[in-house]
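> coords please:
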Amino acid sequence: MVKVVILGSKEYPFGTNRHEDPIPSGGMETYVDDLVPELSKLCKLVIITRKFRGTKSHEKLGNIEVLRVPWLKGRWLRNPSFNCFSGIAAMKCMRNTDIIYSNGIISGIVALKLGKLFGKKTVYRPAGIGFTQFGFPLRQLLFALEYFVFRHSDAVIFHSDGEKRNAQKLFGMPMKNGHVILTGFPVNKFRNLKKPKKKPFGLKNETVITSVCRFVPVKGLDLLLRAFAETTGKCRLLLVGSGPEEKRLRQFASKLGMKDKAIFTGFRRDIPELLTLTDIFVVSSLSEGLPTSLLEAMAAGKACVVTDIGLPVEDGNTGIVVEPGNAEALERAIEKLLLNPQLRKKLGQNAAKFVKENCTTDKAARAHMHVFREVLGE
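Residues are numbered from 1 along each chain as shown. From the prediction side, this is the model:
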């Protein structure tokens, strides 16, 4: 049976952090958490992740072996320190490993070094082109590292045709080693959701616009706030999540006069319940892989507005697609849906159908195995 070492996921299983790291896990961790149970039915997995209080350094769960390593706290230390210790831990289990599967730039570099040292195949998942959020010189450094990983990995997994096209354009190379695999997640969990008996956050009969993400610059939440400030009608904005940008975004919302209209919920685990309150879901990011939060909203039958960053949303059919970084275009799309409940219903129904047919965990797991076998020459 093929053995795969997974690098880059900073928390496994999802929920083991318990606020020891004040920066919550994001899409990378939920992606791995959703994929692994199904993928472990088809191959052996070793997941190298962070050690939190109350967790074991080493445990086996069927075909899943979990190794937890030390890490240093702090926004700029947590990721490099984790990947450094991950590389050391991975060296100890390379003998019987067939493939190193990395998530994110830094773990991609670690995987290539391990692959060259031990003669192993490498599969890379960029999880969005994240360097675009930084300024000089960090942006140029991360661009060079990302280019290197794309060029030298045996395979690269993208989440949509659009993401692959964007990467080809950005890096100026054909990505012949690129494969498109839509994110797999428990679709049925987000179908036929029941609304809570009592609405939280003081919500009444307003139209609710929701965005779920980490509060970092690349998510474009300042654009969403500017767009929402221009909307008319009875509506509220739910910003679900937390992160280093939260204080600034709260201040920005107050400056725009939206202290009561924009609700910051903090980090939440009851996303299905919050989606029952949602009428319009928004992804305002400047760069993304394929956020699981978007697929969850689509599965729940919500009308979605997304930026044109390569997401698998067909404009006018399964959602509305707007130019990234354009607050006016974002406002027009939201306004259009606010004024047209029938369009919201149509887009939501089409989105739910698309996700049900294309984004299940078993389908994603089988697609991964196809890539692994191709890389191994089987």
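> Residues contacting the lowest-mean-pLDDT helix or strand in the chain, please?
Using mean pLDDT, DSSP states H and E, helix 161-171 stands out as the lowest-scoring helix or strand of the chain, at a mean of 86. Helix 161-171 is touched from outside by 126, 129, 146-147, 150, 156, 158, 174-175, 178, 180, 288-290, 308-312, with contacts defined as Cβ atoms under 8 Å, 6 or more residues apart in numbering. The way it works is simple: take the backbone N, C-alpha and C, and place the C-beta from them, glycine included.
> Mind checking which of those residues are buried?
Among the contacts of helix 161-171, those buried by neighbour count (16 or more other Cβ atoms under 10 Å) are 126, 129, 146, 150, 156, 158, 178, 288-290, 309-312.
> care to break the protein down by domain?
Per automatic domain parsing, the structural domains of the chain span 3-184+360-375, 187-358.
> Endpoint to endpoint, the longest one covers what distance?
End-to-end distance for domain 3-184+360-375, by Cα to Cα, to the nearest Å: 13 Å.
> Pull out the buried positions in stretch 165-181.
Under the neighbour-count criterion of 16+ other Cβ under 10 Å, stretch 165-181 has 166-168, 170, 177-179, 181 buried.
> no no, stretch 274-284
Those would be 274-284, for stretch 274-284 by 16+ other Cβ under 10 Å.
> Only C-alpha atoms, please: export that stretch in CSV.
Taking C-alpha atoms only, stretch 274-284 is exported to CSV below (Å, rounded to 0.1, in the frame of the first residue of the first chain):
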residue,chain,number,x,y,z
LEU,A,274,-24.6,30.5,11.2
LEU,A,275,-25.3,29.5,7.6
THR,A,276,-29.0,29.0,8.4
LEU,A,277,-29.1,32.7,9.2
THR,A,278,-27.3,33.7,6.0
ASP,A,279,-28.9,35.0,2.8
ILE,A,280,-25.7,36.0,0.9
PHE,A,281,-22.2,34.6,1.3
VAL,A,282,-19.2,36.6,0.2
VAL,A,283,-15.6,35.8,-0.5
SER,A,284,-13.7,39.1,-1.0
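> Next up, phi/psi of Ala144, please.
Main-chain torsions, Ala144, degrees, to the nearest 10: phi -60, psi -40.
> can you count the residues close to it?
11 (other Cβ atoms under 10 Å).
> Okay, and which of the buried ones among the contacts of helix 161-171 map to strands?
Members of the buried ones among the contacts of helix 161-171 lying in strands (criterion: DSSP state E): 156, 158, 178.
> ok, now which ones touch the last one?
Listed by Cβ under 8 Å, 6+ apart, the contact set of Gly178 reads 155-158, 164, 167-168.
> That one bridge partners, please.
Assessed by DSSP bridges, Gly178 has beta-bridge partners Val156.
> ok, it to Gly62 distance?
31 Å (Cβ to Cβ, to the nearest Å).
> quick one, strands of the chain?
Counting by DSSP E, the strands of the chain are 3-7, 44-50, 58-61, 64-69, 99-103, 121-125, 155-158, 178-180, 207-212, 235-240, 262-266, 280-283, 303-307, 320-322.
> wait, which of those strands is closest to Gly348?
The closest of these to Gly348 is strand 303-307. By Cβ to Cβ, the value is 5.0 Å.
> which residues are contacting that closest one?
For strand 303-307, contacts defined as Cβ under 8 Å, 6+ apart pick out 220, 279-286, 294, 297-298, 313, 318-325, 330, 333-334, 337, 343-345, 347-348, 351.
> Out of the residues you listed, which end up buried?
220, 279-286, 294, 297-298, 313, 318-322, 324, 330, 333-334, 337, 344, 347-348, 351.
> Can you flag which of these belong to helices?
Among the buried ones among the contacts of strand 303-307, the members falling in helices (DSSP state H) are 294, 297-298, 330, 333-334, 337, 344, 347-348, 351.
> Take those residues and write them to TSV, including pLDDT and distance to Glu38.
Formatted as TSV, these follow (pLDDT from 0 to 100; distance: Cβ to Cβ, whole Å):
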residue	pLDDT	distance to Glu38
Leu294	95	20
Ala297	97	22
Met298	97	20
Leu330	97	35
Ala333	97	34
Ile334	97	35
Leu337	97	34
Arg344	97	32
Leu347	98	28
Gly348	97	26
Ala351	97	22
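> export the residues you listed to JSON lines and tack on distance to Arg366?
JSON lines is the format used below for these (distance: Cβ to Cβ, whole Å):
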{"residue": "Leu294", "distance to Arg366": "22"}
{"residue": "Ala297", "distance to Arg366": "25"}
{"residue": "Met298", "distance to Arg366": "21"}
{"residue": "Leu330", "distance to Arg366": "36"}
{"residue": "Ala333", "distance to Arg366": "35"}
{"residue": "Ile334", "distance to Arg366": "37"}
{"residue": "Leu337", "distance to Arg366": "35"}
{"residue": "Arg344", "distance to Arg366": "33"}
{"residue": "Leu347", "distance to Arg366": "29"}
{"residue": "Gly348", "distance to Arg366": "28"}
{"residue": "Ala351", "distance to Arg366": "23"}
